[in-house]
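> this one's sequence-less:
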């Protein structure tokens, strides 16, 4: 069967545009916030809707409820397949149907759960993350139709935004539904709405709870303050000890490196500051390229701190305090190794001899793309044709822990991380949106790639 070619696929995708937009609007309206309960009826409705949409494009899709590691009911997952030729490669298409919550709807310029088109973008919670990923897969399969030349498996997850707790048991119970030559994870994004990207790496993550103790019980700050520092101050000193005078982590044993596949284009500092809302007086921390600081070097953030609120505070020295560090690890470093290195450092640097205890928490391995793979080159060519310009590869500072788990079980499978987002998407934030032209180009890209794959690339 001959390849369809760019113009045929482009025409089919453009003709399908209104269906794709309606799919996204319907998905937004389902308000599939997994933080409200992964086993809730709203999550079942979301999974049923996605399965129905996949069946419309030829996938034998079904909803299966996962089981958590402790045996309790887990997320509603969507799995399915379409077999066209036993001799053809098999591609697993991934996205997730759960979305982030909306803590304060007043910060939105539109109703978060009503899809609104405005200036070439579709606004709504989950429009980009990851309704856009579902739309890409649906659009590509619709465009290829009966001309599909590869076997397809689909996994649309129901708890990605909640840490994928039931993913490992689900994978173990449905291993045959995941076995594939290529895994396309549509949960990342592009350099910009009109400049495509493959995601070359993802950092890993490790959480650590740190307890600092100085007293057996609280005491009066006037009577004992001076020679005795309170636990909150000691914790602040301990946290500060992790950094050098450039604000860069200086913990022995934490690995770093340069962007995978080489740095094609560094991030724009002014744009980064604007996107993050950085105050004018703040100097960005660290050294080297912004790309390496965000993608391949380790980073730590204090994401929780147990201390008495300012309101109602009184003059006592805190005897003990606890804080949680979220450590983003280099793509190729084992998170257990990084967590141990940080724990050893914190205990060794206990200020004033205070008692420091460290308890490890959740961990996930990072991932690095095989930049020399024929599949990667084919994907870049598909992007070049669809977008009309060369792709700019980029890393991501976040984590998708299930990718390393899939690679562990299926070491021969290639992985491509793509996605619908761009710097204006505001995923996880107010006014989330997706570029509709970028979405069309992403669909064309995936359709071109699926249409061009053969076993010689694996």
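Happy to help now that I have it. Please read these numbers as outputs of a predicted model, since none were measured by experiment.
> show me the contacts for residue 251.
Residues near residue 251 by Cβ atoms under 8 Å, 6 or more residues apart in numbering: 242, 298, 341, 342, 345. The C-beta positions use only the backbone N, C-alpha and C, and glycine is treated the same way.
> ok, now how distant is it from residue 343?
Computed as Cβ to Cβ, to the nearest Å, the residue 251 to residue 343 distance reads 10 Å.
> just give me how far stretch 2-22 sits from the chain centre.
Centre-to-centre, stretch 2-22 and its host chain are 28 Å apart (Cα atoms, centre = their mean, to the nearest Å).
> count of residues packed around residue 383?
28 (other Cβ atoms under 10 Å).
> flag every buried residue along the helix or strand harbouring it.
According to DSSP states H and E, residue 383 maps onto helix 374-387. Using 16 or more other Cβ atoms under 10 Å as the test for burial, helix 374-387 gives 375, 376, 378, 379, 380, 382, 383, 385, 386, 387.
> can you list contacts of it?
Residues from elsewhere that reach helix 374-387 (Cβ under 8 Å, 6+ apart): 6, 10, 182, 194-198, 369-370, 390-391, 393, 414, 416, 418, 441-442, 444-446, 448-449, 452-453, 456-458.
> what about burial for these, which qualify?
Burial by neighbour count, 16+ other Cβ under 10 Å: within those this picks out 10, 182, 195-198, 369, 391, 393, 414, 416, 418, 441-442, 444-446, 448-449, 452-453, 457.
> which residues of the stretch 351-458 of the chain fall in strands?
Counting by DSSP state E, counting those that start in this stretch, the stretch 351-458 of the chain has strands at residues 355-364, 367-368, 394-396, 414-418, 433-435.
> and these, which is most packed in?
For those, the largest average neighbour count (mean count of other Cβ atoms under 10 Å) is found in strand 433-435, namely a mean of 27.
> given it, what are its sheet partners and their directions?
Strands that pair with strand 433-435, judged by DSSP bridges, come out as strand 121-123 (antiparallel).
> what's the following helix or strand after the partner strand?
Next element after strand 121-123 (DSSP H and E): helix 131-144.
> chain center to that following helix, what's the gap?
Distance of helix 131-144 from the chain centroid (Cα atoms, centre = their mean) equals 19 Å.
> low pLDDT regions in the stretch 151-300 of the chain?
The model of the stretch 151-300 of the chain has no residue with pLDDT under 70.
> the helices in it, which residues?
Using DSSP state H, counting those that start in this stretch, the helices of the stretch 151-300 of the chain run over 167-173, 221-224, 231-240, 269-276, 290-295.
> kindly reformat the ones you listed as TSV containing mean neighbour count.
Formatted as TSV, those follow (neighbours: other Cβ atoms under 10 Å):
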stretch	mean neighbour count
helix 167-173	18
helix 221-224	12
helix 231-240	19
helix 269-276	12
helix 290-295	20
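> of those, which is nearest residue 15?
Among those, the nearest to residue 15 by Cβ to Cβ is helix 269-276 (34.5 Å).
> any chance you could list what contacts the closest one?
278, 284, 290, 423.
> just curious, which of those residues is nearest to residue 39?
Of all the contacts of helix 269-276, residue 423 has the smallest distance to residue 39: 34.5 Å, by Cβ to Cβ.
> any idea of the pLDDT on that closest one?
Confidence at residue 423, expressed as pLDDT, is 89.
> could you dump the helices of the stretch 151-300 of the chain to a markdown table with distance to residue 150?
Output for these, formatted as a markdown table (distance: least, Cβ to Cβ, whole Å):
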| stretch | distance to residue 150 |
| --- | --- |
| helix 167-173 | 22 |
| helix 221-224 | 69 |
| helix 231-240 | 50 |
| helix 269-276 | 37 |
| helix 290-295 | 30 |
